[in-house]
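Participant: Fold the following.
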Amino acid sequence: MNILLPKAITASMIGAGTTIPVVDSAVGEVLWATGGTFTVGQRRVWDGYTYECVQAITGAPANTYQPGTTAAAAFWLKDEGAPTNRMAPFDKYLFTKARRTGSVTYVLNVGFATGVAIYGIEGDTLSITVKAGPGGADLIPPVTLDLWQQAFGEYEYLFGDLQRGTYYTLKNLPIHPSAEVTITVSRNSGSVEAAIGFISVGTWKQLLAPRQKISGTQYGMEAATQDYSYQEETARKDGTYIEVQGPRATNISLSCVIDADQAPLAKTLLDQVLGKAVAIEVSNLPKYSHLATVGKITGSVRSTDWITAQVDLNIKGNI
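Facilitator: Numbers count the residues shown, from 1 in each chain. Below you'll find the model as predicted:
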């Protein structure tokens, strides 16, 4: 059982070589500027998010209030589902995606980290490099892979509609104070859009079986789908309706048996990730690939006997 304890990614950690600008006019983003006039419904970006004007602004001092501040609260409403295109992979949602025609590249100056998790991928190939700072030597061999999901059997391999993989995790990175991670998702055609929904960089924490180096997760673990689609009745009021597609999530519940001595560490880990959207992966074996998600963890740690403890986890997957 692996949980990625994340580092907060700030704008200053996004380095040169990132292909999405701070304000992306290609997707209609317009930077807020002091001194303007704004009508209700106008949208501007500021500090990584989109804000909508909810009260007309015609002059000073209201037109000097930066969105996101207390003074601006009556005039600008933050759209939680609309980070800027550049910052979309670093909020808590998977459906808010950084998008770019042909390919998307992020260069992250993250410092000390042991792993990376990338979810919500829309692309044909993925490449990752980890260097000892900008222009430094490779800390690991570069990763390049096609994003095909593994076939469930021979028939699916030969005749099935194979799907593209949507997530990838990287572990056991060498510790370095100036590590630079470069992530690129590319399309085979330069006219097709590539996207990334969630990037997390941090330290992988493992829940291992007592006195072993294997996962302590017990059989009986469960992945449940959550669909946030809904229906809207048509104007005819005759029982017909429109299906409105919503985002989807995966919820996971499981139990781990760990060494009794590790119970305090497990409880501390639960405290550290409480309320955060974190990447969770039960195992890197293909047959458990469905037991991976990004979500919020709640759980309990039970000291069952002198030798072992049990950790019960419920992960509410993020959309």
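Participant: Could you tell me how far S255 is located from Q310?
Facilitator: 6 Å (C-beta to C-beta, to the nearest Å). In short, each C-beta sits where N, CA and C put it, glycine included.
Participant: The stretch 101-250 of the chain: helices as residue ranges?
Facilitator: Taking DSSP state H, counting those that start in this stretch, the helices of the stretch 101-250 of the chain run over residues 154-159.
Participant: Could I get the full set of strands for it?
Facilitator: All strands of the stretch 101-250 of the chain, identified by DSSP state E, counting those that start in this stretch, fall at 103-109, 115-119, 125-131, 143-146, 168-170, 180-186, 193-196, 198-206, 222-227, 230-233, 241-244, 248-259.
Participant: In JSON lines, list these along with mean pLDDT and distance to T18.
Facilitator: Below are the strands of the stretch 101-250 of the chain laid out as JSON lines (pLDDT from 0 to 100; distance: least, C-beta to C-beta, whole Å):
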{"stretch": "strand 103-109", "mean pLDDT": "97", "distance to T18": "5"}
{"stretch": "strand 115-119", "mean pLDDT": "96", "distance to T18": "15"}
{"stretch": "strand 125-131", "mean pLDDT": "97", "distance to T18": "14"}
{"stretch": "strand 143-146", "mean pLDDT": "94", "distance to T18": "18"}
{"stretch": "strand 168-170", "mean pLDDT": "94", "distance to T18": "18"}
{"stretch": "strand 180-186", "mean pLDDT": "98", "distance to T18": "9"}
{"stretch": "strand 193-196", "mean pLDDT": "97", "distance to T18": "11"}
{"stretch": "strand 198-206", "mean pLDDT": "95", "distance to T18": "11"}
{"stretch": "strand 222-227", "mean pLDDT": "92", "distance to T18": "32"}
{"stretch": "strand 230-233", "mean pLDDT": "87", "distance to T18": "36"}
{"stretch": "strand 241-244", "mean pLDDT": "88", "distance to T18": "34"}
{"stretch": "strand 248-259", "mean pLDDT": "93", "distance to T18": "28"}
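Participant: out of those, nearest to L5?
Facilitator: Ranking the strands of the stretch 101-250 of the chain by their distance to L5 (criterion: C-beta to C-beta) puts strand 198-206 first, at 4.8 Å.
Participant: Okay, now the unreliable bits of the stretch 1-150 of the chain?
Facilitator: 149-150 (pLDDT under 70).
Participant: Which of the strands of the stretch 101-250 of the chain sits closest to V278?
Facilitator: Here strand 198-206 is closest among these (C-beta to C-beta), at 7.0 Å.
Participant: and that closest one with strand 115-119, angle?
Facilitator: 130 degrees (axes from the mean of the first three to the mean of the last three C-alpha atoms, to 10 degrees).
Participant: hmm, back to that, need the strands of the stretch 101-250 of the chain in a markdown table (columns: mean neighbour count).
Facilitator: Formatted as a markdown table, these follow (neighbours: other C-beta atoms under 10 Å):
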| stretch | mean neighbour count |
| --- | --- |
| strand 103-109 | 21 |
| strand 115-119 | 22 |
| strand 125-131 | 19 |
| strand 143-146 | 12 |
| strand 168-170 | 18 |
| strand 180-186 | 22 |
| strand 193-196 | 21 |
| strand 198-206 | 21 |
| strand 222-227 | 12 |
| strand 230-233 | 10 |
| strand 241-244 | 10 |
| strand 248-259 | 19 |
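Participant: Now distance to S283 too, for these, in JSON lines please.
Facilitator: Output for the strands of the stretch 101-250 of the chain, formatted as JSON lines (distance: least, C-beta to C-beta, whole Å):
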{"stretch": "strand 103-109", "distance to S283": "26"}
{"stretch": "strand 115-119", "distance to S283": "14"}
{"stretch": "strand 125-131", "distance to S283": "20"}
{"stretch": "strand 143-146", "distance to S283": "19"}
{"stretch": "strand 168-170", "distance to S283": "11"}
{"stretch": "strand 180-186", "distance to S283": "23"}
{"stretch": "strand 193-196", "distance to S283": "24"}
{"stretch": "strand 198-206", "distance to S283": "11"}
{"stretch": "strand 222-227", "distance to S283": "12"}
{"stretch": "strand 230-233", "distance to S283": "34"}
{"stretch": "strand 241-244", "distance to S283": "35"}
{"stretch": "strand 248-259", "distance to S283": "11"}
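Participant: do you know which of those strands lies nearest T34?
Facilitator: strand 103-109 (29.6 Å).
Participant: That closest one - contacts with which helices or strands?
Facilitator: Packing contacts for strand 103-109, counted by 3 or more C-beta pairs under 8 Å, 6 or more residues apart in numbering; DSSP states H and E, involve strand 180-186, strand 193-196, strand 198-206.
Participant: For Q245, find the nearest of these.
Facilitator: strand 193-196 (16.7 Å).
Participant: and the closest one, C-alpha only, in PDB?
Facilitator: What follows is strand 193-196 as a C-alpha-only set of coordinates in PDB (Å, rounded to 0.1, in the frame of the first residue of the first chain):
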ATOM      1  CA  GLU A 193      -5.000  18.000 -27.700                       C
ATOM      2  CA  ALA A 194      -2.900  16.500 -24.800                       C
ATOM      3  CA  ALA A 195      -3.900  17.000 -21.200                       C
ATOM      4  CA  ILE A 196      -2.800  16.400 -17.600                       C
END
